[in-house]
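Novice: Here you go, sequence then predicted model.
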Amino acid sequence: MCTINWWFSGEVEMLALGAPAALDSPRSPAPSRIAFGGPFTVPSISWSPGPVHGMMLLLLPDAVHHLMGVDPNDWMNRLVDIGDVLPPDWLEMCALVAVEPDDDRRVDLIEDFLAPRWQAVQPQRALGLHRYAEWSEGLALRAALSQTGRSLRQVERRIRRWAGQPLRELKGFGRAERAFFEMMASEDARRPAWSALALDAGYSDQSHLCRVSRRITGCSPQELWDRIEHDEGFWPYRIWQ
């Protein structure tokens with residue numbers, strides 16, 4: 001996902017990429033009170049000394065490409081001031097959201113802004129999908145059926161331009177997400193059968209699943225589950241459930 005992040009109150013610092021979630025890890029202030037994040041291929045961690053009130057808009061990378069004319073690959077693993085990326089009308093919307101005191105009204109402002117723009121640029125084969133695997137498959141189909149060139153190399157370039165990453169990487173995220181949701185739905189979610197889940201999700205074995213889980217989330221599958229249950233900082237995963 002690409003993100004637009006608003007921090008209305010409180011302080012936020014970002015840990016260096018790859019640094020462990022520890023108080024002595026190197027970190028730096030967020031680039032601004034309103035920031036744009038490109039797709040991340042590694043875990044990103046924020047830290048706050050106290051309460052924070054904020055909002056995050058999640059956008060699929062190909063939607064960012066169509067809506068803004070932005071190449072997501074240019075912003076891979078980066079969080080920057082929105083002024084470095086967004087066109088003027090988006091900057092105006094972000095500023096209005098920032099000064100609006102009511103959260104429900106903030107959501108209304110964003111939705112009213114997005115609806116006509118997406119209606120104008122959405123691809124004919126845009127699908128209302130909510131899982132990465134389905135989205136990546138739909139993206140590949142749309143790229144293959146594009147009239148601007150259908151060779152394998154052209155399709156791969158189109159996917160990377162729209163999504164910022166090659167199809168193989170996108171499919172890997174989809175497979176990891178599938179394992180995550182199967183874990184949540186297992187009969188004994190507190191003690192999932194990781195070897196069976198790994199095979200069902202298409203991994204060669206449990207070790208393969210563990211390696212991918214650590215690369216994407218920074219945690220083994222069991223540690224990820226435990227922290228979703230008990231660690232306040234893992235709230236995005238609870239929302240994703």
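Specialist: The structure has been received and is ready for your questions. Numbering: from 1, shown residues only.
Novice: in this structure, which spans are strands?
Specialist: 2-9, 13-15, 27-29, 34-37, 46-47, 53-59, 79-81 (DSSP state E).
Novice: chain center to the fourth one, what's the gap?
Specialist: Relative to the centre of its chain, strand 34-37 is centred 13 Å away, using CA atoms, centre = their mean, to the nearest Å.
Novice: Can you pull out the residues in contact with stretch 234-241?
Specialist: With contacts defined as CB atoms under 8 Å, 6 or more residues apart in numbering, stretch 234-241 is touched by Phe180, Met184, Leu224, Arg227, Ile228. All C-beta atoms are positioned from the backbone trio N, CA, C, and that covers glycine.
Novice: The same query, at a cut-off of 10 Å, please.
Specialist: 21, 56, 58, 177, 180-181, 184-185, 217, 219, 224-229, 231-232 (CB atoms under 10 Å, 6 or more residues apart in numbering).
Novice: picking that back up, wait, which of the strands of the chain is closest to Gly172?
Specialist: strand 2-9 (18.1 Å; CB to CB).
Novice: what comes up buried for that closest one?
Specialist: Cys2, Thr3, Ile4, Asn5, Trp6, Trp7, Phe8 (16 or more other CB atoms under 10 Å).
Novice: Adding pLDDT and distance to Ala193, write those out as CSV.
Specialist: Formatted as CSV, those follow (pLDDT from 0 to 100; distance: CB to CB, whole Å):
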residue, pLDDT, distance to Ala193
Cys2, 92, 35
Thr3, 95, 34
Ile4, 98, 39
Asn5, 97, 37
Trp6, 98, 41
Trp7, 97, 40
Phe8, 97, 43
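Novice: Next, count neighbours for Pro26.
Specialist: By other CB atoms under 10 Å, 9 other residues sit near Pro26.
Novice: What distance do you get for it to Gly18?
Specialist: Using CB to CB, to the nearest Å, Pro26 is found at 10 Å from Gly18.
Novice: likewise Ile110?
Specialist: Counting by CB to CB - Ile110 and Gly18 are separated by 32 Å.
Novice: So which helix or strand of the chain has the lowest pLDDT on average?
Specialist: Between all helices and strands in the chain, the lowest mean by mean pLDDT, DSSP states H and E belongs to helix 132-144, at a mean of 63.
Novice: Can you say which of the contacts of stretch 234-241 are buried?
Specialist: Applying 16+ other CB under 10 Å to the contacts of stretch 234-241 flags Ala21, Glu177, Phe180, Thr217, Cys219, Leu224, Trp225, Arg227, Ile228 as buried.
Novice: Start from the N-terminal end of the chain and give the helices.
Specialist: For the chain, the helices defined by DSSP state H cover 61-68, 88-99, 103-121, 132-144, 152-163, 167-185, 194-200, 206-217, 221-230, 235-240.
Novice: related to what we said a few turns ago, quick one, which of Ile110 and Gly18 is more surrounded?
Specialist: Neighbour count, other CB under 10 Å: between Ile110 and Gly18, Ile110 has more, with 18 against 11.
Novice: quick one, phi/psi of Pro87?
Specialist: Pro87 adopts backbone torsions of phi -70, psi 170, taken as degrees, to the nearest 10.
Novice: Who's the closest spatial neighbour of it, skipping the chain neighbours?
Specialist: Leaving aside its chain neighbours, Pro87 sits nearest to Met68 (5.9 Å; criterion: CB to CB, 6 or more residues apart in numbering).
Novice: Asp74 is in contact with that neighbour, correct?
Specialist: No: using CB atoms under 10 Å, Met68 is not in contact with Asp74, being 11.4 Å away.
Novice: Quick check: neighbours shared by these two?
Specialist: Val85.
Novice: Settle it for me: which of the two has more neighbours?
Specialist: Met68 (19 against 10).
Novice: All set now, cheers.
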